[in-house]
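Engineer: dropping a prediction and its sequence here:
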Amino acid sequence: MKGKVVIVTGAASGIGEATALLFGREGAKVVVSDINSEAGQEVVNRIEKNGGKASFFKADVASAAENKALVDFAVKTYGKLDIAVNNAGIGGEANKIVDMSLEGWHRVIDVNLHSIFYGMKYQIEAMLRNGQGSVINIASILGSVGFEGSAGYVAAKHAAVGMTRTAAIEYSSQKIRVNAVGPAFIDTPLLDQLDDEVKNQLISLHPIGRLGRSEEVAELILWLGSDKASFATGSYYPIDGGYLAR
Ligand SMILES: NC(=O)c1ccc[n+]([C@@H]2O[C@H](COP(=O)([O-])OP(=O)(O)OC[C@H]3O[C@@H](n4cnc5c(N)ncnc54)[C@H](O)[C@@H]3O)[C@@H](O)[C@H]2O)c1
């Protein structure tokens, strides 16, 4: 990762935090972005303490203008953009379709789906100027199967996978690879709203017998971002302890 410049959104917590720390350890210059400035700055401090290079930039991924500002910041600060990890996301309102509020529907689509389009629009533009790049969109196992009470989340993640495939078809010939990652349930603050009984039920859905760890997902993201993944584009990579194998 030496010499590479990477943006990680939602990098103040969970999978994004683990990803930013791993890229930092591997020698990339990391733009840590989140709406939570305090926790985001803390991630920067940890990367720098480990001898890495990083900067924080506050951006709300649901805003096109803030996605553009984030890319501009990365290019201005480090000269180019090589890798973008579109990770920021929310669980959203947990209700079946009849009971889901219109606000809840729109919010999860804004944060989990529009964000991916806005992100790629400006990231790929910068990568085209750079002559190469790799985009990794964080979808979910729920990018390929349904889940009760999560229609908006599931719709956003399925759409993110479809958009990933389309972006790869559009830009792979110009040396920009685009892939999606599909984690099963990972033990992050996103799951904090669940009680222990529900968490245990979730664990039972994973043949491996436990939830995943952010660091395990970060390793796959790192590989997809690296030149070692030079033939990988347009694909969706579940990382799921066997969840989708049933
Ligand atoms: N945890 C899981 O079980 C799981 C499973 C599959 C996929 N995912 C996906 O992985 C990604 C990260 O999830 P996580 O579990 O690490 O969550 P998390 O809640 O631990 O972290 C998400 C981060 O995104 C930030 N964020 C939220 N809204 C934002 C916005 N509008 N703009 C910028 N930043 C924003 C939060 O401040 C937080 O720091 C999400 O896209 C999520 O859907 C998570």
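Structural biologist: Structure received. Numbers count the residues shown, from 1 in each chain.

Engineer: quick one: the closest residue to Asn179 other than its chain neighbours from Lys58, how far?
Structural biologist: Sequence neighbours aside, Leu224 is the residue nearest to Asn179 in space, at 5.0 Å (criterion: CB to CB, 6 or more residues apart in numbering). To be clear about C-beta, it is placed using only N, CA and C from the backbone, and glycine gets the same treatment. Noted for Leu224: a distance of 26 Å to Lys58, by CB to CB, to the nearest Å.

Engineer: okay, these two: which has more neighbours?
Structural biologist: Leu224 (23 against 17; other CB atoms under 10 Å).

Engineer: for this protein, longest strand please?
Structural biologist: Using DSSP state E to define each element, the chain has its longest strand at strand 176-183.

Engineer: surely the residue nearest to Asn179 is in a helix?
Structural biologist: Yes. Assessed with DSSP: H, G, I helix; E, B strand; the rest coil, Leu224 lies in a helix.

Engineer: how about the residues of the protein near the ligand?
Structural biologist: Residues of the chain lying close to the ligand by CB under 6 Å from any ligand atom are 9-10, 12-16, 34-36, 60-62, 87-90, 111, 138, 140, 183, 185-186, 188-191.

Engineer: so who does the residue nearest to Asn179 touch?
Structural biologist: Ser134, Ile136, Arg177, Asn179, Val181, Ala232, Tyr237 (CB atoms under 8 Å, 6 or more residues apart in numbering).

Engineer: and it, how far from Ile136?
Structural biologist: Taken as CB to CB, the span from Leu224 to Ile136 is 5 Å.

Engineer: overlap in contacts of those two?
Structural biologist: In contact with both Leu224 and Ile136: Asn179, Val181, using CB under 8 Å, 6+ apart.

Engineer: ok now the helix or strand bottoming out on mean pLDDT in the chain, how far from the chain's centre?
Structural biologist: In the chain, no helix or strand scores lower on mean pLDDT, DSSP states H and E than helix 196-204, which sits at a mean of 93. With CA atoms, centre = their mean, to the nearest Å as the basis, helix 196-204 stands 24 Å off its chain's centre.

Engineer: list the buried ones in that helix?
Structural biologist: Leu202 (16 or more other CB atoms under 10 Å).

Engineer: what's next to that helix, contact-wise?
Structural biologist: The contact list for helix 196-204 (CB under 8 Å, 6+ apart) reads Phe185, Leu191, Leu194, Gly209, Arg210, Leu211.

Engineer: show me the two of these that sit farthest apart.
Structural biologist: Leu194 and Gly209 (17.7 Å; CB to CB).

Engineer: returning to that earlier point: PyMOL command to pick out the buried ones of the residues of the chain next to the ligand?
Structural biologist: Burial among those is assessed by 16+ other CB under 10 Å; the matching PyMOL selection reads:
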select buried, resi 9+10+12+13+14+15+16+34+35+60+61+62+87+88+89+90+111+138+140+183+185+186+188+190
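
Engineer: tell me the contacts of Pro189?
Structural biologist: Ser13, Gly14.

Engineer: center of the protein, which residue is that?
Structural biologist: For the chain, the residue nearest the mean C-alpha position is Asn87 (1.9 Å; CA atoms, centre = their mean).
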